[in-house]
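**Q** Can you look at this prediction? I've put the sequence above it.
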Amino acid sequence: LAVTLQSDARISTGWSRLSPFCLDGVLDIITRNMLGRLLAPKDRSGGLLYKQTTELVALSNGCAHPELIYGARQTTTGTTLDIGTRVVAEIDLAAIVHNTREIQKRAIKSHCNLFAIVKANAYGHGAVAVAHTLACCNKIDAFGVATLAEAIELRESGLPASVRILVLGASIDVSEWIHYAEHDLDIMVSSAEAAEELIQWTTAEALAGRLKRPIRAHVMLNTGMSRIGLATFSRDVLPSSADVPSATPSRAPSAPGLHAERAAAVVQKIHDASDAALEFVAICSHMSEAKAGSDFAIQQFQRLASVVHAVRALGIAVPMIHAENSESLLADCVPDCEFIKLLHGNPPGRPHTVGYARSGGGIYGQRTFDYLKPAITLKAQVRHVHVAKKNVPVGYDRAWSAPEDSIIATLAVGFADGYSRENSN
């Protein structure tokens, strides 16, 4: 019940396109590009091997196992490392399915579906395998990635056409946009300037008959993360976290410097664009201080709600809202009743807003909640064993010395595998 990412064994499988891989969780995050610079081209052959188990077959509700879908070599050797395999990261797909179900249980309390985040090769767990597993076992119908290349990889892997794939990263490269239409992907709009350019480009392309389908647009609001998004507050009046008043969303005063009407005007322009060019599908934000009892999280929610109300005041229905991440959802930063209330209020005759929560780290067990299971295990072969006498130092900087005569096993894992020197001893 594991995915094995091998960094030194050449594997001829359908999964080879996913390499180089990145390890996450117990290791430092090493992106695919970073690993590509660490490994010589002839060694850049990491692949994914999936082990079929009765438990995963039961969870898959009769769907074909990812191993069989993509024709990769299937292993039946248990967890024992094959001869010649130096180090592996085993990914427990059943644990990922379990974690996703636990998170779904919490999301449904606020009437939200789950947006599964599989960026950075699913945080090193294998994006295609994780996406297909979750679509099959958990009925996930929306995935988020960081880049256009990741999105195209997912779409071309054979996910159902009904599955939404959103590129979370802001796109300002006009040459990319045609691929959103070609591969049926959702785009993130993070500024008024980007919105204007996207409207002009999609309108021209649609009129020229070069747009395969309208591009679906999500509008990102900066409610406090201050990375990307339309402004919802003035920087000169942004209070420190210590100054944020303690209050529930229903009775808290409005945050100062709200730019709700200005953000709503951008949404209106996207909404009013040609139906053949652009489709407004969502308003979203990103929670920055996702801690239980966080007043700043409440303030972020208020800013989001203010823009939603301003958009509806223009007679525009908001099809979807997604804002909470793993931590804010699981820590219940925003009361369920308040989020449910926000999903209602579209203009008369229009459907209610659909709610989503985005989860990445939580899916892979990377949050401190006891109902989540770890999904990654690093294993390496023992290549040398010896006895270190009492007080003999071992490793860099002599950071550890044997407190007594000790058996020392040296494992075949190091920097090129993403294993940090900080974990030397």
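**A** Good, I have the coordinates.
**Q** Quick check: E205 touching L211?
**A** Yes. Between E205 and L211 there is a contact at 4.3 Å, judged by Cβ atoms under 8 Å. Every C-beta, even on glycine, is put in place using the N, C-alpha and C of the backbone.
**Q** shared neighbours, these two?
**A** Taking Cβ atoms under 8 Å, 6 or more residues apart in numbering as the criterion, E205 and L211 both touch I178, A181, A277.
**Q** so how far is E261 from the second one?
**A** Read it as A181. According to Cβ to Cβ, to the nearest Å, A181 and E261 sit 31 Å apart.
**Q** Mind checking which of these two has more residues around it?
**A** Between A181 and E261, counted using other Cβ atoms under 10 Å, A181 has the larger neighbour count: 20 against 13.
**Q** who's in contact with the more buried one?
**A** By Cβ under 8 Å, 6+ apart, the contact list for A181 reads E205, L211, K212, R213, P214, I215.
**Q** let's see 7 Å
**A** The contact partners of A181, by Cβ atoms under 7 Å, 6 or more residues apart in numbering, come to L211, K212, R213, I215.
**Q** Spatially, which two of the residues you listed are the most separated?
**A** Across the contacts of A181, the longest distance by Cβ to Cβ is 9.7 Å; it joins K212 and I215.
**Q** Who has more neighbours out of E205 and L211?
**A** Ranked by neighbour count (other Cβ under 10 Å), E205 and L211 place L211 first, with 23 against 18.
**Q** Need the three-state assignment for the more buried one.
**A** Under DSSP: H, G, I helix; E, B strand; the rest coil, L211 falls in the coil class.
**Q** Would you mind confirming that it is in contact with T202?
**A** Yes. Counting by Cβ atoms under 7 Å, T202 is a contact partner of L211 at 6.4 Å.
**Q** Which of the helices and strands in the protein ranks last by mean pLDDT?
**A** One helix or strand of the chain scores below all others by mean pLDDT, DSSP states H and E: helix 32-38, with a mean of 29.
**Q** quick one: low-confidence ranges for the protein?
**A** Across the chain, residues meeting the criterion (pLDDT under 70) sit at 1-84, 235-258, 425.
**Q** Could you name the helices and strands sitting against the lengthiest helix in it?
**A** Longest helix in the chain, counting residues (DSSP state H): helix 295-313. On a contact count with 3 or more Cβ pairs under 7 Å, 6 or more residues apart in numbering; DSSP states H and E, helix 295-313 meets strand 215-222, helix 260-272, strand 278-284, helix 336-342.
**Q** okay, those in TSV with distance to K390 next?
**A** Shown next, in TSV, are the helices and strands packed on helix 295-313 (distance: least, Cβ to Cβ, whole Å):
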stretch	distance to K390
strand 215-222	58
helix 260-272	67
strand 278-284	59
helix 336-342	58
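**Q** mind checking which of the ones you listed is nearest S190?
**A** Closest to S190 of the helices and strands packed on helix 295-313 is strand 215-222 (Cβ to Cβ; 4.6 Å).
**Q** List the contacts of that closest one.
**A** So strand 215-222 is contacted by 166, 177, 180-181, 186-190, 202, 228-232, 263, 266-267, 270, 278-285, 303-304, 307 (Cβ under 7 Å, 6+ apart).
**Q** before we move on, the earlier item: when K212 and I215 are compared, which one has more neighbours?
**A** Of the pair K212 and I215, I215 is the one with more neighbours under other Cβ under 10 Å, namely 26 against 14.
**Q** Pretty sure V97 is one of the things C137 touches, is it not?
**A** Yes. With contact defined as Cβ under 7 Å, C137 counts as touching V97 (4.6 Å).
**Q** if we can go back for a sec, any shared contact partners between L211 and T202?
**A** Residues touching both L211 and T202 by Cβ under 7 Å, 6+ apart: A277.
**Q** And the most centrally placed residue in the chain, how far from A357?
**A** The centroid of the chain falls nearest to I117 when counting by Cα atoms, centre = their mean (2.4 Å). Distance of I117 to A357, computed by Cβ to Cβ: 10 Å.
**Q** Equivalent analysis for E422, please.
**A** Using Cβ to Cβ, E422 is found at 33 Å from A357.
**Q** So for the two, which residue has more residues nearby?
**A** Per other Cβ under 10 Å, whichever of E422 and A357 has more neighbours is A357, with 26 against 9.
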